[in-house]
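K.L.:
Sequence plus predicted model, see below.
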Amino acid sequence: MNTMTRSRRAIALATIAVSMAALAGCSASAVGSTSGAACAPEDIKLIGQVRNETNPYEKSWLDGGQELAESLDLEQKRLTYAGESPKQLEQIRQELSTGNPECMVLNVLPNSDSDTTPIVKAVEEAGAHVVTQWNKPADVHPWDGYDSWIAHITYDGVDSGYQIAKAMFESMGGEGNVIALQGILATAAAKDRFAGLELALEEYPGITLLDQQAADFDRTKAFDITKTLLTKYGADVGGVWAANDDMALGALKALDAAGLAGEVKVVGIDAVPEAVQAIEDGAITATVSSDGPWQGGIGLAMGYCALTGELDVTAQPNKNREFFAKQFLVTEDNAADYLTPSIDLADFDCANVFNRVDKALG
Amino acid sequence: MLGTYGPPAALLALCTAFSIASPQFRTWTNLRNVLDSASVLAVITVGLTFVLLLGAIDLSIEGVMAASGLSVALLLANNRNDVDLGFVAIIAAVALGACFGLANGLLSTRLRIPSFMTTLGVSAIGIGVATVLFGGIQPTISSPAVAEWANGQVLGLTRLTFVAAFVVVVGVLIQRYTRIGRYARVIGGAEDLAALSGVRVARYKTLAFTLAGALYGLGGVMVTIQLGSGIVAAGAGQNFTAITAAVVGGTLLSGGRGGVIQSVVGVLIVTVLANGLVLIGVSPYVQKAVQGIIVVAAVAITTWPLRERMRVVK
Amino acid sequence: MSVPVLNVVDLKKRYAETTALGGVTFEVRPHEVVGLIGENGAGKSTLLKSLVGLVQPDSGRIELRGNAVKLRSVAHAGSAGIGMVFQEQSLIPNVTVAENILLGAEGGAVRGGIYRWRELARRAQVQLDKIGCLVDPMAITDTLSFAQRQLVEIAKVLAIEERTHAEPVVLLDEPTSVLDSDEIEILFAQIERLRTHASVVFVSHRLDEVMKVADRVYVLRNGQTVGEFVPGQTDEAELQRMMIGRDAQGSHYHEDAQVDVSAKPVRLRVSGVSLKGVCDAVSFDVRRGEVVGLAGVQGSGREELSRALFGAETLSSGHISIEGEVKRFRSPRAAIAAGFGFVPAERRREGMVATMTIAENVTLPHITTVCNGPFLDRPRERRIVNDWVQKLRVKAPSIAASIATLSGGNQQKAVLARWMVSGDLRVLILDHPTRGLDVGAKSEVYKLIRTLSATDVAIVLLADSLEETIAMSHRVIVMKDGKVSAEIPAPVSSKPSPLEILERMI
């Protein structure tokens, strides 16, 4: 009998709690939609979310976000979801339900295209602000009725694949044979970057692509495959195009082992510190930086500006709400600048947040 | 018959086919490459074999290799600190691997949690430890002696090949002549009966896991020396590859069957396959599918004689 | 008289509600073979388990050579001088005979964790020699025959002698249950040899065997020793009465219920069936309601044949037909669809899904009879299963109870119920349906077979003993080396003698 009463009471309490939460949710979104500048700067909560911090690029993203946050006398909450889509959404829901979503800014790297929609919907419902980067379904846009999804920023893989290919071909004097190490073939990044290489190949008729293999963005695989390709083509190989720096570094080790380091040009993408160091040392020819620290800061900066009323999200033209951001080719000339990635606070001034808009998606 | 001679025959058939199709395949340089590429996988698969013999499974390879890879990179002369312990660094990293293996064993036997779960958890801990050690900057081994050691050759083969060969020989000896090796097989054959006979099952299971962990640690060290830096992804995908290699070679997941030699044949099959498909110019877009088909075919042929209408396979 | 090697005094053990041992007292003298006999459930297995340290008795004493001992584990019992040959084989299949014999007690054959194979083989050979077993100590165990493995088990138990420097007590738990008659003879000869090295406790529920090998026999009933006899000086019928506590004679096999089938049409026709390497051109008929016994020694091919009839093995030639219609079963599923039922010998492994409930086990092959489209109709399932459970008098707390909790006899009844649920059972193949059951449960299974026979089900029976084959069958088909060697009618009025059949078996 006693337990019965207790459980009934518990149910009643739970019901009240749920309805109160529902009420709170309604009022919160009501406030969020009417007023854009409802937050005192010190109440703003900044959140950065990436897959994991074992990846130098994603770590530099969160570090950039932290640097910006400190300049505003705030903290950035670092979230990592280990590449698991359900975990990513769960983390965001958790944050939205525990804090005050109206004063929350999220700078998110969605795990895959299909994860973006539920994330921005959850954020929109709670009335927080979000910037997504890299992954998004092509037919979903921030201007399609979203007030709190400030922007989607991504980086042109075709362009980066093209830029490093061009840099390598130039350093080879426009003549010779190359091999290509692709990423995980099923990914858009691998596809786009390789398309960039093909574009460059068309421009340089003196360059022949001997072979292309998938090394899955993995350093060990790139090491083994490069060794095998060197067996197959021997001294014919004049350059190794790799779809990321990890594979470029693996290929470099294979060249080392074959005594060909320095003779064969190597290029990669991502500008991880180790690769930039290798460029500085002359072992690698070029890489492309999409500027991780800037990425980590820019989403938070946009949200901060929106919450303090300095940025009117809905008034922005479409080209500012969905764009390719500028990328930078790193070669021996400028490698020193990229050795220790950091941010330039001026980039995050509310007036400058759209300075790196390169071109529209598509 | 097929069960015993199937995998070596498959290896021979693959080598013959690739040799005919590609003149580069039958060069000494390529043999060196194949053996060098197989060396890390061989070392970890020898370790895994002892766990598979128990009838258990070990999914911690990735985490253990990451942790020991990062530690050896940080303990040898590197760009992050002033430590240079030389050979002691390698011992320490292998010992770290052994500790992870010990944790696998203790958790599985004392808490009676299936090894599937414990090793997966330990793998996550290993990745976590590696992440902390990684700290955002890749530790790169700065000692040129290490790079030279890894790239240099003895008798026309890389040194890592000899390390792997040594591990294989020791593995075979452990399996044939030591209590850990024999009891691993006994426990895999019938764990409950072994316990009835007074075999201290928990102890020998734990020892087998520890031995395996030490070898994963050594594998992590080898990758790190090969690549010149400590990377968290050092063992990415190796768990699956090692299990595939062991099973293709004839070390069954049900325990008690197969052994080090079988597993190493499997390692060579997997490595030769990857190498040969690149050399004969199979498009990368279909390579994985072709690998899959050949592996499934090899296993099907090997287990054909065991096939029976009412045999239950899980 | 010398001090008994093993003296058990008033051993008691309770599990929650049930008394497993209610006071067992017996003694074993040096070089003696003592028989322990009792029905299933009489407490034999609990007693044995407490003698090898697998079960801790609540009270009572176990004395070895006059010293009271507390046995903690099998290994500990071994070092104290008691070893057991388990009913289910306890050898590791994938390692050598030598390793098995010395497992856990390698002694000097393993130094510092390193195996000295030659020494290991030598020590194993010593044990094998004790019983004149000619198995190679370095052979892998699963290459041996069943009977050879049992000898290895005995050799393994004898290895205790070297450890304790005293002759061991060897417990044999139902050692004949997995052997054929000729293998049993070999075993009995081994027991004679064994007694020169050890004292033996022979546990069985088969009276004839115990009477044959034991010097003295203790009868166990309801967890208590109820009597002690010397074979040859006691009437077998009296022992039987003592075992089950009531008169077991009379219509054990319900022979009076055997129906006349001579006028019935043929239901199952087996025509020239061959199985590669097992049997060759086997032909026979089974009429509606007829029970046909298949007799034969191990290796005669009768087990494989019975499985082939059910579609579990591939026929290399020949065919079977039902009511004149030729059938080719590619799987048991096809056989079930044609109205076949099969009760396998390995009840625990093949006969039932131990992790499922009684209801689920009963409806397993004919799940569609309790389904509405893709959905299970639980109330209907309950109704049908309850109905059969009552009809067959399965003693179970509820049909939702796990089948593993039932006694062997009740499990077997549930397994039989499975084939009756569909209401369309035409042919039933029974592979040792009474194996491991106690006398009472056996009798109930026999009665069930008679009932099925009366409803025109054609039955093929592979019985546990010749006596059972003769009593239950209308006709006995004798198989030898994969061929039918004789077909012997067995009407109620003139049952053949076991000898008549045995002659054609070997």
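P.N.:
Looks like it came in fine.

K.L.:
CA atoms for contacts and neighbours, from now on please.
P.N.:
Fine.

K.L.:
Which residues are in contact with residue 243?
P.N.:
Looking at chain A here, since you left the chain open. Residues counted as contacts of A:Ala243 (CA atoms under 8 Å, 6 or more residues apart in numbering or on different chains) are A:Gly161, A:Ala180, A:Leu181, A:Gln182, A:Gly183, A:Ala190, A:Arg193, A:Phe194, A:Phe217, A:Gly268, A:Ile269.

K.L.:
actually chain B
P.N.:
Going by CA under 8 Å, 6+ apart, B:Ile243 touches B:Thr45, B:Leu48.

K.L.:
Now do the phi/psi pair for it.
P.N.:
Main-chain torsions, B:Ile243, degrees, to the nearest 10: phi -60, psi -40.

K.L.:
cool, and B:Gly101?
P.N.:
Backbone torsions for B:Gly101, taken as degrees, to the nearest 10, come to phi -60, psi -40.

K.L.:
Assign a three-state SS to residue 135, would you?
P.N.:
All of this refers to chain A. coil (DSSP: H, G, I helix; E, B strand; the rest coil).

K.L.:
Hmm, no, I was thinking of chain C.
P.N.:
C:Val135 is classified as coil under three-state DSSP.

K.L.:
same deal with C:His319?
P.N.:
Per three-state DSSP, the secondary structure class of C:His319 is strand.

K.L.:
so where's chain B uncertain?
P.N.:
Flagging of chain B using pLDDT under 70 yields the residue ranges B:1-4, B:302-314.

K.L.:
now the strands: where do they sit in it?
P.N.:
Using DSSP state E, the strands of chain B run over residues B:153-154, B:157-158.

K.L.:
coming back round to it: closest to B:Gly250 among the contacts of A:Ala243?
P.N.:
A:Phe217 (30.8 Å; CA to CA).

K.L.:
What helix or strand is the closest one located in?
P.N.:
Applying DSSP states H and E as the criterion places A:Phe217 outside every helix and strand.

K.L.:
what phi and what psi does the backbone show at A:Leu209?
P.N.:
Torsion angles, degrees, to the nearest 10, at A:Leu209: phi -90, psi 110.

K.L.:
these two touch, right, it and A:Val178?
P.N.:
Yes: with contacts counted by CA atoms under 8 Å, A:Leu209 reaches A:Val178, the gap being 5.0 Å.

K.L.:
And the two? Which one has more around it.
P.N.:
A:Val178 (25 against 17; other CA atoms under 10 Å in any protein chain shown).

K.L.:
Could you say which helix or strand holds that one?
P.N.:
Since the elements are taken from DSSP H and E, A:Val178 ends up inside strand A:176-182.

K.L.:
Identify the residues contacting that strand?
P.N.:
Taking CA under 8 Å, 6+ apart as the rule, strand A:176-182 contacts A:190, A:194, A:206-217, A:222, A:236-243, A:247.

K.L.:
what do you get if the cut-off is 7 Å, keeping everything else the same?
P.N.:
Residues from elsewhere that reach strand A:176-182 (CA atoms under 7 Å, 6 or more residues apart in numbering or on different chains): A:190, A:206-216, A:236-243.

K.L.:
what do you get for stretch B:76-93?
P.N.:
B:Ser68, B:Ser71, B:Val72, B:Leu75, B:Pro139, B:Thr140, B:Ile141, B:Ser142, B:Ser143, B:Gly217, B:Val221.

K.L.:
got the contact list for the first one?
P.N.:
So the one you mean is B:Ser68. Neighbours of B:Ser68 in contact, by CA under 7 Å, 6+ apart: B:Ala93, B:Val94, B:Leu96, B:Gly97, B:Gly217, B:Gly220, B:Val221.

K.L.:
can you tell me how far it sits from chain A?
P.N.:
For B:Ser68, the distance to chain A equals 15 Å [CA to the nearest CA, to the nearest Å].

K.L.:
which residue sits closest to that residue in space, ignoring its chain neighbours?
P.N.:
Nearest residue to B:Ser68 in three dimensions, chain neighbours excluded: B:Ala93, at 4.8 Å (CA to CA, 6 or more residues apart in numbering or on different chains).

K.L.:
quick one: buried residues of stretch C:164-183?
P.N.:
C:167-180, C:183 (16 or more other CA atoms under 10 Å in any protein chain shown).

K.L.:
how about it against chain B, any contact?
P.N.:
No: against chain B, stretch C:164-183 shows no contacts by CA under 7 Å from any CA of the partner chain, the least distance being 14.6 Å.

K.L.:
what about that stretch, how long is it end to end?
P.N.:
Criterion CA to CA, to the nearest Å; first-to-last residue distance in stretch C:164-183 is 30 Å.
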